[in-house]
Every structure is written in structure tokens, then in C-alpha cells.
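Colleague: Attaching a predicted model along with its sequence, questions to come.
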Amino acid sequence: MLTFILRRLLSAIPTLILVSLFVFTLQKLLPGDPVQAMAGEERDPAVMEYLREKYRLNDPVPLQYVHWVGNVLQGDFGTSLRTEQPVTTLLASKLPVTIELAVLALIIALVIGIPTGVISAVRKGTATDYAANVFALSGISIPHFWLGIVLIMIFAVKLQWLPASGFVPLGEDVGQNLKTLILPAFVLGAGLSGVLMRHTRSAMLEVLRADYVRTARAKGLFPRTVILKHALRNALMPIVTLTTLLFGELLGGAVLTEQVFSIPGFGKMIVDAVFNRDYAVVQGVVLCVAIGFLLLNLLADVLYRLINPRLRTA
Amino acid sequence: MKFAPLMTTALLLLAANSAFAETTLRIGIQDDPDVLDPHRSRTYSGRLVYTALCDKLVDVRPDLTYVPQLATAWNWSEDGKTLTMTLREGVTFHDGETFDAAAVKFNLDRARTLPDSLRKSELASVESIEVIDAKTVAIKVKQPDATLISQLSDRAGMMLAPKASATEVGSKPVCSGPYKFVQRVQQDRIVLERFDNYWNKQAYHFDKVIFLPIPDTSVRLANLRSGDLDIIERVAPTDVKTAKADSHVQVFSTPGLGYMQLMYNTSNGDKANNPLGKDKRVRKAFELAIDRDAINQVVFEGLYAPSAQPFPKNSPYYDKNLPIPPRDVEASKKLLAEAGVKTPVNVELKVANNPIAQQVGQIIQAMTEEAGFKVNLIATEYATLLNEQQAGNFQIGMSAWSGRPDPDGDIHQFVTCKGGQNDGHFCDPKLDELLNKARTVNDQAQRQSLYFEALRLLAEDVPTSYLYFDPRIIAMRSNLTGFVPNPDGLIRLNDVAFK
Amino acid sequence: MTAIAVNPALPLKEPLKPHTRSPFVKKFLANKGAVVGAVVLIVFILAALLAPWIAPYDPLKANFLAVRKAPSMMYWLGTDELGRDLFSRLLWGARSSLLAGGVSVAIAMIIGVPLGLLAGYFGGKLDAVISRVMEALLSCPFLVLAIALGAFLGPSLTNAMIAIGLSAMPIFSRLTRGQVLAIRHEDYLEGARAIGLPDRWIILRYVLPNVLSPLVVQATLTIASAILAEASLSFLGLGQQPPSPSWGSMLNTAKNFMEQAPWMSIAPGVAIYITVLCFNLLGDGLRDALDPKS
């Protein structure tokens, strides 16, 4: 197992180099000059020239890349062109926010997705199954940012139960923190619950067809026991693997949700950075997300390998 | 188990809070400021924060006259080449350093010489700064400069603590304003707290001031209405009715200094080679097809101030005799016929890709169509828009200017031959002469006549069409008192308090 | 939006055996959801095509006397911030949105499928390179990639379609590669190679037709995601530009009038939702009908 993990980690390196190269080139291709935006309304040519020198924007692009990689290897992601804060500080302050949002969304998705998946598998072909399916597909099909707007209209503007946007750090006030995150987490979790429901349903159907469940039923065990104790436990295993992968997806999905709800996490940071041409930030965030993504993939594979033998012996 | 000590701490904190009743003011601002260094920052939202954080040498009153802040008095020498300022006594910076003439010299020199200072052009006329004594400083200028006092009333006149500012400023600015810097979380909040040694501290009533960037105007308002914010700035005109209907909210609207203009590319590169760029009659025809009042009604609920000049109504340089040309489609068509151009005249209009700019662009598109123009609307991301305009890659560019208290900042750089923002490269030596001269004249009446003459030339050649001034609309909870709005839209917190 | 890389519609099925399409129509028609989806989509597509004739108003014609009017007999869905009829704009907007879905998936397939065929068929170094690049592309969040590409190309509907197409391309490449790998050692391919048919001929004549079914299913599902992606990009100002409507750009404007004119956000949002839902239903139905196991 250890060699497997090591091999996978090694093979992730070229992928990461490709990602960074790709992001780097893409940014150099972006029209618009960060220096133009930084030089303010007056746009003094001397200032712009100085800034270009300062941020090495006059160097040949390959050299810029080598320089950047060299710094990253020493743990230095550069500084934000816009606010001059170190990118590492930014990453450290944004990552917990997005992770908290993603965890909450995942919890919501699991709480909705798995029970509906189980019910719809057990009642396969009934109206309940059908309704659950349409519900799941709705979660996938609804535009998140629109759902966000509608929920803000209802809960913040009309009913004024929840704040319309903004974010209170967890360390500051837990209640307020949950209040600000509940709507965005729901929006983000809604789509995911659909995906989870559909996977749970098919995994359950598979397991329910399996011999040992039939045996258990034949033994006259009470259906609920069969479903919960035998079938669900086995069906859940592939779901665990899937959930790790979905968590990575959530980090990407947070982009628009954070934008709509003004949550200062990764997603908002990267959209703002792209629009402000804040190169160092875009590079740092994408690299960080890519690393997270690859690690989650690895974790999923490891889990899969750990679970698989048990599946056979179950 | 772990909860017990946590709970106790929380309870203690609660008790402490209620004993001292700490007051916090939450201000919702439109966007996250850039670097918090007055000499290098560029955003308007940054200025909102500085108003509480950093004092300036002079301040601007709502009637656009200048009043003492860190300088208590000033006077120009006979030849107009030396500005002598007397400084306030007993002022300290947030880190305890004393504010004196040497500090002024440090700051002005820093603003003039820092390689990435954005204040260089504002202080371009300054030759040297001399410390006369601890409380007196003399600023020598190369030629008489009527705009200098107004520059010192903004970021160029903000004072940083010299010792603390020798190296890094942006992440922890040390100033001398009523509130000092505590913490910044990018895109989330900037926290300031009361500065106990402030020279005028009895006028300031909050223990903490927190600035929260919330880009969406309606979301900002929703947060104000629910009580999560105490003050919001740049309320959308379409939201004003809603805000006013809420008994917990009060709305302040003041005519602002910033305007929107349509700049025509008259001679910057190939794109200037179009009927509008070549012939002022066609530009005039375009302007005549626009109904500024209708734009105001449709997009801004009638709250904006339509205008055909770069100076706001409350400025002494506003020319009352220069009318806003009313929409006249017939006259527009006639001018096009005179110019002998083939209709429809195809023209590209570049606007920023935000909903308001696009809405105004679409209205202009619809209006000018009736006169014989076919406008191709091109929405461009802000970062790209600046680039393209400067490179001359536009025919008409719609852009906003935030406005300055002194008229020079609103006109000189846009229409003089070598002006830094003259993206259309319009050039008229006669106009240059007038505007250069107006810079050096301190006498208001004399300056006025120079500007009026310049405005007349502009109306003749139409290198740019001014559309409207946007008011600064600020809304706050109705339990706040003492707020006095200012045309610059900044929120001055002196005498503002909870009822 | 989250779910373009992890296919929203279930784990990939095992590769199909060649030539198993017999009771396809019957199975498809038995799936009520898929049939409803198909019918609604046909109606939408017809409405989009017929927009010039059935729209009651000119979608671009501003009427400054009827700004932000609530739905009424005169304006069925109300009017927008410039007094334009929302129903008419919705019909015309369907063109941009459906077109965006179709074209971007076409782009993704035109690039992704050949790359997948090459990687899967030839294997070796070529496969290693292509797979690595695709993996790298897949490890950037889809929307971030599309936003960056959209900003690079400049805001317009065409560029949004290109950006989405490129971002979705690795999905098709990877899927195709997997399918090809599964059939690479089938007898009929070994045979074709043995008699010395040129590779190009084998790929086009024997490989492609046998990997097509899952691609069709994936395409249907990706159209759904692409429509959402176009809406997202337009919502950020990177899609369809005014005055022409698309559902996403209508929402972008509408969010400024949430309180004064909620109807401006309701109609386009519901339209996107229904369309995407129908594509997903259709995709499900196609998959089940094409799946020899069920």
C-alpha cells in the first residue's frame, strides 16, 4: 500500500508541473495589463514601468516561470499585486472558509442524498422512487447562483431571517458563523445531494440483488434490519470513495456560490483575482486546488483499495 | 468536557462586554480596497477607509472650501511660489511618534519620490519642502499652483508615522486619524479601533469601526435593513425608494463630483478614422441624439444630475450659461446630412461590462439609432478596457471619472494635447494654453473666466460628451445621528453617534 | 456547476459490446421521464427557432415608458430594466442558451474524441502525454478554467462557447480513451490489423462506431452542464453581450433588481432549470436504452 501511495505521489508531480505551466501561460495570454489597473486613474507611465520591473513583468515569460517555480519550491507564492499581502497568508486565511463551506455542504448533501437514495432503491418503480429521482435531477439541474438569489430574496429580503451575505469567522461567533453559511451551504449541497442520491440508489439496487441479502431475507429477517444492517453498509462503501471525489468538486463549485453570497473563500478570491489580473493569486490558488484535487483522488483510490477486499468477504 | 472552560470564557467575555458596552460601527462598502498605503493606493473604497484612519493636512467642506485638519493655517507668498503651513500641536501618530514639520517633509517627499507612488502627478509642481521649525513647514513650488491645496486635502496630504513607515506600510498603516488599524482580512473586513490619543477624540463616538466589502448593491441594502450593517455607501438609485420606505433606514443623497463621459477617438491610431473621429459635426449629431434626462429617469430613477460639463453644479467653476443640449433628432439628422456621411453611421461604443454601464450603453444605442447611427455595443472587462482605450482601440469609450474638488483634475488630463488620460488624443493648442494658465492662477474670478472659455471651446469641438454626475447616496440605520454628507461621498465620523 | 467532471449521471457503465442496439426505441419509449424530457426540449427548440415569428415584441426594442413592469396581459412575463418584453427576450434568449450548449459540446467532442481515440488506440508515449495533459486540465476546477479562458478570449457568446468547449474537452478524451482500451483487443480489431488495414481506416471504420453510444449519452449530459456553464459565465459578464439576450445574461442584470422586479430573475432561472433538467432526463433515458445490461 505504501509503495502504491508513493508511486501515485510521484506520478502527480508531472501533472502539477503541467497545471502550473498551463495556468502560467494562460495568464500571460490574458489581455489587459495588471499594471494598468494598479496605476490608478492617473496611470503615470513612470509608475507603470517601475511596477513592471518590480513584479518582473518585463522578463521573458519562461524566465518568469522559472523564477516563480523557484520561489514556490521555497514556500513563497509571491505577493498579491492588488493588496500586497503574501499569497501564502491569503491561502491560509481563505482555505478554512471554503473547507468549512464545503464540509457543511457535504453534510447537507449526505443527510438529504443517502436516505432518499435508500428509500428510492427500496421502493424501486413506485411514485416515491420517481419523485426522488426528479428531485435529485433537479438538484443537479438548477443553476446554483440562481437558487442562491432566490433564497436570498426569500430568507434575507422578505423574511429577514438570515443575513443576505457576508461571513463571520468560526472563531468569532459560532452561531453567527452558521447563520451566514447555512444558505450557501444548502445551495452548494443541493446539487451534490442529487448526485449522491443517484449513486446511493444504484449501489443499493446492486447490493439488494446480491446473494447474501437474498439469503438474509430468506432467513426471514425483518426488512428494515436487512436494509440497514446488511445492504446499506455495503452500499455505502463505494459512496465513501465517491464522497472524497465529490469534495474536490465542491471546492470548484464554491466559485459562484461564494460570489453570490460574498463569502471570502477560495472561489471568490480566484474570480476577483482573474478579473483584477492578480497573477500571483491566480497561480497560487489554482496550484493549491490542483494539489488538493490530486490528493483527494489519491485518497479515494486508497479508500477504494482498503474497502474492496472487505466487500468481497462481506 | 472541553466545553466548560470555553463556556466560562464566553460568559466572562459577555459580562465584560455588557459592562463597558463597546460600540461597533459596521460600514458596508462596495469593493475591497487595494493596498492601504495612501501614497500608493488608487481605489475609492480605500479613501473611505482613510477617512477614519489617516488625517490629512487640510480637509474639504461640503461647499468645496478647504478647512484645517493637521495644518491649522496656511498662506501663499507674494510670488505664489511658497506655501507656508502652520501645523497643529499635540498630535501623535498611532504608534506614539509626534507629528511635526519633519513628519510632513517625510510624507511629502515619500509621496513625491517613492517609485510606485501614485501621488507624483498630484505633487508635480512641488520643488522642495523645508522645515522652518517644528510647527512650521514651507512648500516651494516650481510655478504657482492653484491646485496644491486641493491635492493636500486628499491622499497626497495624508500623514503616515515616519518611523513605522520607513519600510512596510500596506499591511499595517500607521497614521494619526481618529481610528487606528487593527486587522485586515482581504475581501472580508478591515477593522479599526478608537485611537485614545487623538487630538479631537471627544468628537468620535465608536470604539470600533469595521469596513465590510459587499459588491452587490441590493445585498448591501438587505444587510443594512436587517441591521447587520449600520452604514452603506453607493446605494443604487433604484434601491433608494425601498430604502426610504424602511423606517429603520435614513438616506442621504448629495450631488457628487464624479461624472460619466463619452470620449471620442479623434486621432489615436486607425480607429480614429471614422466619421465621428474625423468630423465634429457628426460628434455633435451623436450628442444631440442623446436624451440625458431620459437616461437619468430610466436608469437612475431621476436621482442623477444630467450635465454637459465636467464641473459639478456646486463648484464655483460650473458654467450656468452652458445649457445641456436637449435631444433634437431633427437637428442631429441635419448635421449628419451637412457632414455628408452615409447613414446609418456605424460606430463602436465600448463600455465596462457591468450592468449599469451596459444599461446606459443600450439606451444610447436605442436613442442614436433614430438619428441615423448604428451603435455596436462592446462590453469589455475593466482591466482590458483601460488598456484598449489607452492603445486607441476604441471609437467611443464610455468611462467614469471619480472627480476632484479642484477643477483642474476634472479637465486638464483629459483634453490637453499631452494629457495622461486623453485617450482620444484630441489636441487644440488654444485649449492647452487656457487650461495650463488656469493651473497657475489663484484668483477665483480670473480662473473662472479661463475655464468658461475652455468649456466653450469644448462644446464647439466635442472631443468628449459629458453625460451626468452621479450623486453620492449613503444610507444608514435611523438610530444614527450627526452625519453630514459631503460631495466627495466619504463618510466622516465626527459627531456621528448612536441615539 | 459542480458536476461536470464527475459525471452527474452515475458512474460510467462498463463498455458496450459492439452492435447491441436492437430494442433501443422500445426501451427509450418505456422511460417516461426521457420521453417527457425529449418532448419539452423539442418544444423549446421549436420556440427558439420560431422566435422571430412567435415573440410578441422586438426583444431589443426599449420602451422607456414601460420600465420594469410586472407581468400582465400586455407583457406576460413583465418587462426588464429598459422596458423590453421579457417573454420575447426569453424566446430569443433560448437561441443563445441552446446554441451555447450544443456548440460547446461539439467543440469539446471535435477535439476530445480524436485525442481519446489516438491515445487509446496507439497507447505508449502518445497516450502518456495526452493522458497527462488531460489529467492536468481536469485538476483545475471546470468553472475556474472556463472563467480564465473566457476572460482571455474576451466577453462574447462565441468565446464563452469556446471556453466551455475547451474546458469540457478532457471528459470526452478520457471517456473515449477508456472505451477504446476496452475494445482494443477484440477479435475484429486484431483481425483488421492482421490483414494490414491502415490505422486511420481501422479507427474510423471499426473503433469509432463501437465507442459511440456512451459518447452520445455523455454528450447529452454535457449539454446540460454546458448550458449551466454558459449561464454562469454570462452571470459573471463573460457570456452573451447586450443588447442580445441569453438566459444567463438576463439573470446577470436581474440580480440588481431582486427586490424591485423579482419577475426579472424568475423567468430565465426557471427556463434554465427546465431545459437542463430535460437534457438530464433525456441523457438518463438514452443511457438506459443503450445499455445492453438493463
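Modeller: Nice, thanks for sending it over.

Colleague: Flag every residue of chain B that's near chain C.
Modeller: B:216-218, B:221-222, B:236, B:238-239, B:241-242, B:294, B:297-299, B:353-356, B:358-359, B:361-363, B:365-366, B:377-381, B:384 (CB under 8 Å from any CB of the partner chain). C-betas here are computed from N, CA, C, even on glycine.

Colleague: Now list the buried members of the residues you listed.
Modeller: With burial judged by 16 or more other CB atoms under 10 Å in any protein chain shown, the buried subset of those is B:216-218, B:221-222, B:236, B:238-239, B:242, B:294, B:297-299, B:353, B:355-356, B:358-359, B:361-363, B:365-366, B:377-381, B:384.

Colleague: okay, residue A:300: pLDDT?
Modeller: Per-residue pLDDT puts residue A:300 at 81.

Colleague: Who are the packing partners of the helix or strand containing residue C:182?
Modeller: According to DSSP states H and E, residue C:182 maps onto helix C:157-183. If contacts are counted by 3 or more CB pairs under 8 Å, 6 or more residues apart in numbering or on different chains; DSSP states H and E, helix C:157-183 sits against helix C:86-122, helix C:124-138, helix C:142-153, helix C:208-235.

Colleague: rerun at 10 Å
Modeller: Contacts defined by 3 or more CB pairs under 10 Å, 6 or more residues apart in numbering or on different chains; DSSP states H and E place helix C:157-183 against helix C:86-122, helix C:124-138, helix C:142-153, helix C:208-235, helix C:247-254.

Colleague: now the angle from the following helix or strand past it to helix C:157-183?
Modeller: Counting by DSSP H and E, the next helix or strand C-terminal to helix C:157-183 is helix C:187-194. Put simply, helix C:187-194 runs at 90 degrees to helix C:157-183, going by axes from the mean of the first three to the mean of the last three CA atoms, to 10 degrees.

Colleague: Okay, now the unreliable bits of the chain?
Modeller: Picking chain A for this. Low-confidence segments of chain A (pLDDT under 70): A:32, A:37, A:40-42, A:221-222, A:307-314.

Colleague: meant chain B actually
Modeller: Per-residue confidence for chain B (pLDDT under 70) gives these ranges: B:1-21, B:383.

Colleague: give me the residue from it nearest chain A.
Modeller: At 2.9 Å from chain A, residue B:42 is the closest residue in chain B, using CB to the nearest CB.

Colleague: SS state for that residue?
Modeller: Here residue B:42 is coil, with the state taken from DSSP: H, G, I helix; E, B strand; the rest coil.

Colleague: tell me, what residue is most central in chain C?
Modeller: residue C:223 (1.4 Å; CA atoms, centre = their mean).

Colleague: And that residue, how far from chain A?
Modeller: Using CB to the nearest CB, to the nearest Å, residue C:223 is found at 12 Å from chain A.

Colleague: What's the separation between the closest residue to that residue other than its chain neighbours and chain B?
Modeller: Sequence neighbours aside, residue C:101 is the residue nearest to residue C:223 in space, at 4.2 Å (criterion: CB to CB, 6 or more residues apart in numbering or on different chains). Distance of residue C:101 to chain B, computed by CB to the nearest CB: 22 Å.

Colleague: any idea which helix or strand of chain C has the worst average confidence?
Modeller: Using mean pLDDT, DSSP states H and E, helix C:142-153 stands out as the lowest-scoring helix or strand of chain C, at a mean of 80.

Colleague: contacting residues around residue 103?
Modeller: Looking at chain A here, since you left the chain open. Contact analysis of residue A:103 by CB atoms under 10 Å, 6 or more residues apart in numbering or on different chains lists A:181, A:185, A:247, A:250.

Colleague: Switch to chain C, please.
Modeller: Contact analysis of residue C:103 by CB under 10 Å, 6+ apart lists C:157, C:158, C:160, C:161, C:162, C:164, C:165, C:223, C:226, C:230.

Colleague: Please produce a PyMOL select command covering the buried subset of those.
Modeller: Only the buried entries of those go into this PyMOL selection, using 16+ other CB under 10 Å:
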select buried, chain C and resi 157+160+161+162+164+165+223+226+230
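
Colleague: of all the contacts of residue C:103, which comes closest to chain A?
Modeller: Checking the contacts of residue C:103 against chain A by CB to the nearest CB gives residue C:230 as the nearest, at 10.2 Å.

Colleague: Excluding chain neighbours, what is closest to the closest one?
Modeller: Closest residue to residue C:230 apart from its sequence neighbours, by CB to CB, 6+ apart: residue C:100 at 3.8 Å.

Colleague: what's the span of stretch B:408-422, first residue to last?
Modeller: 14 Å (CA to CA, to the nearest Å).

Colleague: Nearest the middle, which residue of the chain would you pick?
Modeller: With no chain named, the answer covers chain A. For chain A, residue A:251 is the residue whose C-alpha lies nearest the centre (CA atoms, centre = their mean; 1.7 Å).

Colleague: look at chain B instead
Modeller: By CA atoms, centre = their mean, chain B has its centre lying nearest to residue B:402, at 3.6 Å.
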